[in-house]
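Trainee: Next come a sequence and a model predicted from it.
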Amino acid sequence: MVDSTCGAMAGVSPLAASSLAQQTPSPFSFSVASTRWSFRPPIHLANIFLRFFALVFSFVSALSLADLSPNKKSQPSISFTDYPEFMYCFIVSILTFIYSSFQLFKGICDTAHRGILISDMISDYSSFILDQLVGYLLISSSSMAIPVIQHMKQTGTLWRAAIISTTISFVTFLVISTCTLLSGYKLFKRIIW
């Protein structure tokens, strides 16, 4: 068998033989194009879904404060901008929305194009640090809004909007803290292994 292979390749130039060898697929090779979503481990897909939920929750939290409609037209309209604590909640919700949209975009691009946007090492470090920062901002804004909510008149639209915003902001914190755990797992896996 070896003699017949060598005899068949004896008349072929070395350049043509190497190009022939490159065209022959290995039995262990697979097409990346057909398995783009299944190429990544399930932790990456879970991270994408969590980032999507953080994006939606932070948007709803900011929207609940921004979209206030008074019950009666004769009532003076009270806005969340009158309270610095609610402004802080609104700004943190907007920042969380922007950060979550970037992380979602990056996660989808990394899954589809195998890490072209940002290298995996830089992504692991920055995601771990920024997830903790966003989580801290979310929990601090929620904790600042709670005493103001307790001292407000409990029948106003701002009171209901503030409760909805604070509750959804806390749920966003839980989602971001889960993302932080996944980012920490990926980072420490990179460092240790």
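Mentor: Alright, I've got the coordinates.

Trainee: How about the contacts made by the closest residue to Met152 other than its chain neighbours?
Mentor: Once flanking residues are discounted, Met152 sits nearest to Trp159: 4.8 Å by C-beta to C-beta, 6 or more residues apart in numbering. No exception for glycine: its C-beta is placed from N, CA and C like everyone else's. Contacts of Trp159 were listed using C-beta atoms under 8 Å, 6 or more residues apart in numbering, and they are Ile149, Met152, Lys153.

Trainee: Looking at those, which are in helices?
Mentor: Within the contacts of Trp159, residues falling in helices by DSSP state H are Ile149.

Trainee: Of the contacts of Trp159, which is the most crowded?
Mentor: Ile149 (18 neighbours; other C-beta atoms under 10 Å).

Trainee: Confirm for me that that residue is in contact with Ala162.
Mentor: Yes - the pair Ile149 / Ala162 is scored as a contact, 5.0 Å apart, by C-beta atoms under 8 Å.

Trainee: Per-residue pLDDT of Ile78, please?
Mentor: Among the per-residue scores, Ile78 shows a pLDDT of 74.

Trainee: low-confidence ranges in this protein?
Mentor: Residues of the chain meeting the criterion pLDDT under 70: 1-40, 68-77, 114-117, 193.

Trainee: what do you get if the cut-off is 80, keeping everything else the same?
Mentor: Counting by pLDDT under 80, the chain contains low-confidence ranges at 1-41, 67-79, 110-120, 153-156, 193.

Trainee: Name the residues of the longest helix along the chain that are buried.
Mentor: When the chain is scanned for its longest helix (criterion: DSSP H), the result is helix 157-192. Residues of helix 157-192 classed as buried: 158-159, 161-163, 165-166, 168-173, 175-176, 178-180, 182-183, 186-187 (neighbour count, 16 or more other C-beta atoms under 10 Å).

Trainee: Do a quick rundown of the helices in the chain.
Mentor: 2-9, 14-23, 36-39, 42-66, 84-113, 120-151, 157-192.

Trainee: In CSV: those, plus distance to Ile78.
Mentor: Listed next are the helices of the chain as CSV, based on distance: least, C-beta to C-beta, whole Å:
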stretch, distance to Ile78
helix 2-9, 86
helix 14-23, 72
helix 36-39, 48
helix 42-66, 12
helix 84-113, 10
helix 120-151, 12
helix 157-192, 5
